[in-house]
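1. using only what follows, build the 3D model:
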Amino acid sequence: MKIKKKAISTLIILVIALIAFGAARYLGFTRTRIGSFSNLRDKYNMYEWIASYADFSGTLQKAVFPKVDYMGFDVKSASGSEHGLNVTVKCGNMIVFEKEGITNGTYFFPVYGRAVITIKSEGFLGSFYTISTPQLPKGAGNIYLYGEEHGNAAIIEGEYELWDSYYHNDGMRDLFMELPYFTAEYLNVWMQSDNDDILYEVYDDIDGTSAHTESFLEFLKKIKDECPETVFHGTDVGHQHATTGQRYLSYLLENGYDEGSYEYVTAVENMDQGSYYQRSGDEVYRENMMAQNFITEYERIFGRDIMGIYGSAHTIPEGMDYKTGKVPCMANRLNDFYGGTVICESLLDLKYETGPLSSESIVLNGKEYTASYFGSTDLSAMLPDYSTREVWRIEDAYEDLKDVPTTDNVLPYDNYPVRVEAGQVFKLVYTMKDGSVITEYHRSDGDTWNGREVTNQIQIR
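-> Numbers count the residues shown, from 1 in each chain. Now for the predicted structure:
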């Protein structure tokens, strides 16, 4: 059967139209509208979306391409409106912002590339608009971020000295930490109590993590004793959501807060973040949420100087997330958003030993060297299959081994218990949970990975 040329032409035109429509949808020139809308007025392009409605009941969806790595969403409800907006923003398959029942307020969150905004409501009266180029408000305070190795006693002591100085000499009161929102808030309750029951509940809940050390416990006690007006702010995803999170929710309900209070809703959202992260292990999601949670928490006290304590991988001004290298790390995001008000400093030098603990002879490629031992690090809280890592520095071996081929395996300098410099060779001995042992040799050539100085594994058997 012959197909007429006219039919073929019609089919081609239809295909082209469908492709054009799909491209327009993808690029944000159109938006999906499902439901009923009275007095709908919206204006949109690839970068922004402004809309106002009376009696909005249904779903709207649109894609935008923010001009920077942050985006803002502003909602204003009309007088008499009893319903808010449920807003979800996704970049790829990742939810970067999600909040229900928004009636008024501005929210900032990190994005990367194309962002798809989905808005749902039943009877919303008001307006909203996206902010694709958010500007730093006037009067910002300074954000002093310090990078640590979790649980290291020498670093924790240095952190206390810093906070003690900021507290007594500069009048600071807000201490941001790599803790969930609900954990920090529960510690704030403890700060006002006449006993340490809550502190020990929190401490028991973090058993099995690198923060579960006597040094960290004493750090918190000293803050309560010497800096009693300290206010903790937690901006990590909701680790310990099933323990500390539930304890905090119970405390709220027992002390006059209802399920619609800011504290309760924020705690539940933070717990949901932790639940998702625990199921997925998605480090990109966590890094984005840490930046979003920080901005949300800081906006509540905007204009005050604050100190923050976070793992060193999260505090590199130009660094990427330390597991995948796909997105900017927390400090990188904050630096983009708050500019020169973000001051980052690593405290890792505080952990280094002044000298080796012992030494022994080692033979590599038929030549004898002295190997200096700098101790063992417990990896069980970070890597489920690993137990410990011993570090040996092979003295005066670089020139002999500088041309040995490398593998794709790297280890950042801040993972070593000794200061690393270019032109050194190390032996790393990993003991696994099953008792097996893996030995690697690394060379420091001055290379970087995701903004961090690293050693490269070399092919020595």
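
2. surely residue 367 meets residue 401?
-> No - using C-beta atoms under 8 Å as the test, residue 367 is too far from residue 401 to be in contact (9.5 Å). Every C-beta, even on glycine, is put in place using the N, C-alpha and C of the backbone.

3. more neighbours, these two?
-> residue 401 (17 against 10; other C-beta atoms under 10 Å).

4. how many neighbours does the nearest residue to the more buried one once chain neighbours are set aside have?
-> Using C-beta to C-beta, 6 or more residues apart in numbering and skipping residues adjacent in sequence, the residue nearest residue 401 is residue 425, 5.6 Å away. Neighbour count of residue 425, defined by other C-beta under 10 Å: 26.

5. the one helix or strand residue 425 maps to pairs with which strands, parallel or anti?
-> Using DSSP states H and E, residue 425 maps to strand 424-432. Applying DSSP bridges to the sheet, strand 424-432 is found paired with strand 386-394 (antiparallel), strand 437-449 (antiparallel).

6. alpha carbons of the very next helix or strand once past the longest one, as PDB, please.
-> If I follow you right, that is strand 437-449. Next helix or strand after strand 437-449 toward the C-terminus (DSSP H and E): strand 452-458. The C-alpha trace of strand 452-458 is given here as PDB (Å, rounded to 0.1, in the frame of the first residue of the first chain):
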ATOM      1  CA  ARG A 452      42.300  18.600  48.000                       C
ATOM      2  CA  GLU A 453      46.000  17.700  48.000                       C
ATOM      3  CA  VAL A 454      46.400  13.900  47.600                       C
ATOM      4  CA  THR A 455      48.900  11.100  47.500                       C
ATOM      5  CA  ASN A 456      48.800   8.700  44.500                       C
ATOM      6  CA  GLN A 457      49.000   4.900  44.900                       C
ATOM      7  CA  ILE A 458      52.000   3.500  43.100                       C
END
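
7. so, low pLDDT: which residues of the protein?
-> Across the chain, the ranges flagged by pLDDT under 70 are 1-28, 80-81, 134-140, 353-354, 381.

8. helices along that one, start to end?
-> For the chain, helices defined by DSSP state H occupy the ranges 5-27, 153-170, 181-191, 197-205, 214-226, 246-254, 262-280, 283-299, 330-338, 398-401.

9. nearest to residue 450, out of these?
-> Nearest to residue 450, of all the helices of the chain, is helix 330-338, at 10.0 Å by C-beta to C-beta.

10. tell me the angle the closest one makes with helix 283-299.
-> 50 degrees (axes from the mean of the first three to the mean of the last three C-alpha atoms, to 10 degrees).

11. packing partners of helix 330-338?
-> Applying 3 or more C-beta pairs under 8 Å, 6 or more residues apart in numbering; DSSP states H and E, one finds that helix 330-338 contacts strand 70-77, strand 143-148, helix 283-299, strand 342-346.

12. quick one: contacts for residue 227?
-> 163, 164, 167, 168 (C-beta atoms under 8 Å, 6 or more residues apart in numbering).

13. how about the helices of the chain in a markdown table, adding distance to residue 385?
-> As requested, the helices of the chain are exported to a markdown table (distance: least, C-beta to C-beta, whole Å):
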| stretch | distance to residue 385 |
| --- | --- |
| helix 5-27 | 41 |
| helix 153-170 | 26 |
| helix 181-191 | 27 |
| helix 197-205 | 24 |
| helix 214-226 | 25 |
| helix 246-254 | 29 |
| helix 262-280 | 18 |
| helix 283-299 | 17 |
| helix 330-338 | 27 |
| helix 398-401 | 28 |
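
14. between those, which gets nearest to residue 36?
-> Closest to residue 36 of these is helix 5-27 (C-beta to C-beta; 21.9 Å).

15. distance of the closest residue in space to residue 325 that isn't next to it in sequence from residue 324?
-> Spatial nearest neighbour of residue 325, chain neighbours left out: residue 450 (4.1 Å); criterion: C-beta to C-beta, 6+ apart. Separation of residue 450 from residue 324 (C-beta to C-beta, to the nearest Å): 9 Å.

16. these two: which has the busier surroundings?
-> Set side by side, residue 450 and residue 324 show more neighbours around residue 450, with 20 against 12, by other C-beta under 10 Å.

17. go through stretch 392-403 and flag the buried ones.
-> Buried residues in stretch 392-403, counting neighbours by 16 or more other C-beta atoms under 10 Å, are found at 392, 393, 394, 397, 401.

18. which one of those is nearest to residue 230?
-> The shortest gap between residue 230 and any of those belongs to residue 393, at 39.6 Å (C-beta to C-beta).

19. now that closest one, nearest residue through space, not along the chain?
-> Leaving out its chain neighbours, the residue that sits closest to residue 393 by C-beta to C-beta, 6+ apart is residue 372, at 4.7 Å.

20. could you check the angle the strand holding residue 425 makes with strand 452-458?
-> Going by the same axes, to 10 degrees, strand 424-432 makes 80 degrees with strand 452-458.

21. what lies in contact with strand 424-432?
-> Contacts of strand 424-432 with the rest of the structure, by C-beta under 8 Å, 6+ apart, involve 362, 371, 379, 385-394, 397-398, 401, 411, 416, 420, 437-444, 455, 458.

22. same deal with stretch 358-376?
-> Taking contacts as C-beta under 8 Å, 6+ apart, the residues outside stretch 358-376 that touch it are 353, 356-357, 388-397, 400-401, 416-418, 427, 441, 460.

23. rerun at 7 Å
-> Under the contact criterion C-beta atoms under 7 Å, 6 or more residues apart in numbering, stretch 358-376 has outside partners 353, 356-357, 388-397, 400, 417-418, 427, 460.

24. ok, of the contacts of strand 424-432, which come out buried?
-> Buried members of the contacts of strand 424-432, counted by 16+ other C-beta under 10 Å: 371, 379, 386-387, 389-394, 397, 401, 411, 416, 420, 440-444, 455, 458.

25. related to what we said a few turns ago, out of the helices of the chain, which is closest to residue 143?
-> With C-beta to C-beta as the criterion, residue 143 lies closest to helix 330-338 of the helices of the chain, at 6.2 Å.

26. quick revisit: as CSV, the helices and strands packed on helix 330-338 with distance to residue 330 and mean neighbour count would be great.
-> Output for those, formatted as CSV (distance: least, C-beta to C-beta, whole Å; neighbours: other C-beta atoms under 10 Å):
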stretch, distance to residue 330, mean neighbour count
strand 70-77, 13, 20
strand 143-148, 8, 22
helix 283-299, 5, 23
strand 342-346, 10, 17
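
27. I appreciate the help and will end here.
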